[in-house]
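Chemist: the following comprises the amino acid sequence and a computationally predicted model.
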Amino acid sequence: MSTPHPDLRSFLRRIRGDGDLVVVDTPVDARLEVAEIHRRVIAAGGPALLFTRVKGASFPLVTNLFGTPARAAQAFGDRPLAFIKGLVGLVQDMPPTPAKLWQARDLATAAARVGLRRVTRGPVTEVVTSEVRLDQLPALQLWPEDGGPFVTLPLVYTEHPDGHGHNLGMYRMHVHGPAKTGLHWQIGKGGGFHYQLAEQRGHALPVTVFLGGPPALILSAIAPLPENVPELLLASLIAGRRLPLVEGAGSHPLVADAEFALMGEVAPRVRHPEGPFGDHYGYYSLQHDYPVFDVRRVAHRHDAIYPATVVGKPRQEDFFIGDLLQDLLSPLFPLVMPAVRQLWSYGETGYHSLSAAVVKERYRREAMSSAFRILGEGQLSLTKFLLLTDRDVDLRDFRATLTHILARTRPETDLYVLGNLSMDTLDYTGPTVNEGSKGVLLGLGDPVRDLPQVFQAADLPSGVTTARVFCPGCLVIDGPAYADEPGAAARIVQHPSLKPWPLVVLSDEPLRATASEMNFLWTTFTRFEPAADIHAAEQRVVRHHVTYTPPILIDARMKPWFPKEVECDPDTAALVSRRWKEYFPHRRIEMGDSSRGHLDPPASR
């Protein structure tokens, strides 16, 4: 059984010994160049990268720490999953027998190691200074239209103003100056709730930002925990030891084994433009006003290493961390939500755009109670579209899952569209930021139809030139650009050639969308909003429920107000191509295609 790493150094030593870390001694630029190197390496499944000479920076930079499934698993070890499975099994067997308790004795040993311990000093306090120079950190600008450099792996620690616990979250930080950053507190995030309460009282909120430290900190910071569950305890559980905290250096205790700690406060009623920023949806999130973090003191190791990540079109590093986190927490879902047997969110859509679940249907429409339960649970409440079935299917196999649902759904009663709701801040498909709608599609019981697998119609709707089958029952077609004919979806769905197909997707790029499962997920679910973009052959209101007569058509065309898809600029692409052998003079490192991440290349569109 692999052991979690106590700090970043331990992890780097391990992957370096495995040949999975490459040191780049060539001078590189944190503005665009490093990110493009990273993207090409991760697209080829390559190693972590340690840059020792970043222009203008006083510290080395490490990226792509978790950019493969194997490396992500190596960072966190397999003990946490074994512990959670054992704990769930013990709870489900209540009251436990003496034999069960004896079998679970290792759980008690592991539980005894969970917690926090106070220490008087630690590596993070080797240097403590009030001379704050964030411009000496190798903060990255990832994309050409980004608003500047960003801290991309910050672990933002806050405490409830009334002492009701803490929050450790990962919220990107736009570097505004030598001692100021933005704090991208999105809706539904614990740190933002702490700030909201402090701001209502006219008080500044103390904030501490950790960089580096135990890999377990990163996983716990992004975990979708209930609001009052302490992330530091999850980090301790994952790390398999009590987490050492140094007292006295600032307003908060400091994680002793972190590389950096930035200490300061966020003043009430102060905002500054933040962004744009090319985010994990694969598009630019636009500029908006966000709170400002005033950094007053910095603590760091004397030889600190600055960790960063790069986000963009899937799959990037956050994808591998997100899927590992789902694996870790999945045994808890039936415990927290007893009628939910399986649950999976699709990283290819940015996670919040699409989830699917296998639920219990012990009485008619019980599945909808599970839908409401899922959509009311923490960060899952930001889910835009939810697929539900009560029969076994491998949810990770999306093509099989969609086929399974389409064979069983009766859209007249099984499709629900809920308007005027909150939506993920990074999803711009809704009418305004943070607002939109949700959709739920049920596919319960036995199949009710045989699904078409080949499109054989003699004619196509006007303006449609291409029709490609993604999976049985799902057809992807092109059509006029949205700017040329906004109402094309409502017209096209009426065409008799589409009648055999329960689901039709209207796309600007049907060849790209059907080239792979990942492409379909990304080009479809990041580009439509249920209340605005779902159409049907006929819609009627029956008992205050909108009934949809198939086919159902999803309008996944790019709309004029959507942000742009992120792309590397030609000058940076040419620079990195030209210097590739300079970066890696002693080892052949494959150069992947960063223009697509893991999506199919533009030539296949």
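Modeler: Received it, and whenever you're ready, just let me know what you need.

Chemist: ranking helices and strands of the protein by mean pLDDT, which lands last?
Modeler: Ranked by mean pLDDT, DSSP states H and E, the helix or strand of the chain with the weakest confidence is helix 98-103, at a mean of 52.

Chemist: and Ala256, how far from Val54?
Modeler: Between Ala256 and Val54 the computed distance is 26 Å (Cβ to Cβ, to the nearest Å). For every residue, glycine as well, the C-beta is placed using N, CA and C.

Chemist: meant to ask about Met337
Modeler: Spatial separation of Met337 from Val54 under the definition Cβ to Cβ is 45 Å.

Chemist: between these two, which has more neighbouring residues?
Modeler: More neighbours surround Val54 than the other of Met337 and Val54, with 22 against 19 (other Cβ atoms under 10 Å).

Chemist: ok, now which ones touch the nearest residue to that one once chain neighbours are set aside?
Modeler: Of all residues beyond its chain neighbours, the one nearest Val54 is Pro138 (3.9 Å), with distances taken as Cβ to Cβ, 6 or more residues apart in numbering. Taking Cβ atoms under 8 Å, 6 or more residues apart in numbering as the definition of contact, the neighbours of Pro138 are Ala30, Val34, Phe51, Val54, Ala57, Phe59, Pro60, Leu61, Tyr306, Ala308.

Chemist: what of Leu217?
Modeler: Applying Cβ under 8 Å, 6+ apart to Leu217 gives the contacts Leu155, Leu168, Phe210, Ala235, Val255, Ala258.

Chemist: do that again at 7 Å, thanks
Modeler: Applying Cβ atoms under 7 Å, 6 or more residues apart in numbering, we find Leu217 in contact with Leu155, Phe210, Ala235, Val255.

Chemist: just Pro214 next, same as before
Modeler: Applying Cβ under 7 Å, 6+ apart, one finds that Pro214 lies in contact with His5, Pro6, Asp7, Ala235, Ala239, Asp257.

Chemist: for Leu506, same thing?
Modeler: Each residue near Leu506 by Cβ under 7 Å, 6+ apart is listed here: Ile477, Gly479, Ala489, Ile492, Leu553, Ile554, Asp555, Ala556, Arg557.

Chemist: tell me the contacts of the fourth one?
Modeler: Looking back up the chat, that one is Ile492. Neighbouring residues of Ile492 by Cβ under 7 Å, 6+ apart: Pro461, Val464, Gly479, Leu506, Leu553.

Chemist: closest one of those residues to Val295?
Modeler: Val295 lies nearest to Leu506 out of these, by Cβ to Cβ, at 47.7 Å.

Chemist: in the sheet, who's paired with the closest one?
Modeler: When bridges are taken as DSSP bridges, the partners of Leu506 come out as Ile477, Asp555.

Chemist: tell me the pLDDT of it.
Modeler: Looking at Leu506, its pLDDT is 98.

Chemist: can you give me the distance of it to Leu498?
Modeler: Taken as Cβ to Cβ, the span from Leu506 to Leu498 is 10 Å.

Chemist: one step back: can you list the contacts of Pro138 in JSON lines and add secondary structure, pLDDT and distance to Tyr548?
Modeler: Formatted as JSON lines, the contacts of Pro138 follow (DSSP: H, G, I helix; E, B strand; the rest coil; pLDDT from 0 to 100; distance: Cβ to Cβ, whole Å):
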{"residue": "Ala30", "secondary structure": "coil", "pLDDT": "98", "distance to Tyr548": "50"}
{"residue": "Val34", "secondary structure": "helix", "pLDDT": "98", "distance to Tyr548": "48"}
{"residue": "Phe51", "secondary structure": "strand", "pLDDT": "98", "distance to Tyr548": "53"}
{"residue": "Val54", "secondary structure": "strand", "pLDDT": "98", "distance to Tyr548": "54"}
{"residue": "Ala57", "secondary structure": "coil", "pLDDT": "97", "distance to Tyr548": "55"}
{"residue": "Phe59", "secondary structure": "coil", "pLDDT": "98", "distance to Tyr548": "56"}
{"residue": "Pro60", "secondary structure": "coil", "pLDDT": "98", "distance to Tyr548": "56"}
{"residue": "Leu61", "secondary structure": "strand", "pLDDT": "98", "distance to Tyr548": "51"}
{"residue": "Tyr306", "secondary structure": "strand", "pLDDT": "98", "distance to Tyr548": "51"}
{"residue": "Ala308", "secondary structure": "coil", "pLDDT": "98", "distance to Tyr548": "45"}
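
Chemist: what two of those residues are the furthest from one another?
Modeler: Of all pairs drawn from the contacts of Pro138, the one with the largest separation by Cβ to Cβ is Val34 and Phe59; the distance is 13.3 Å.
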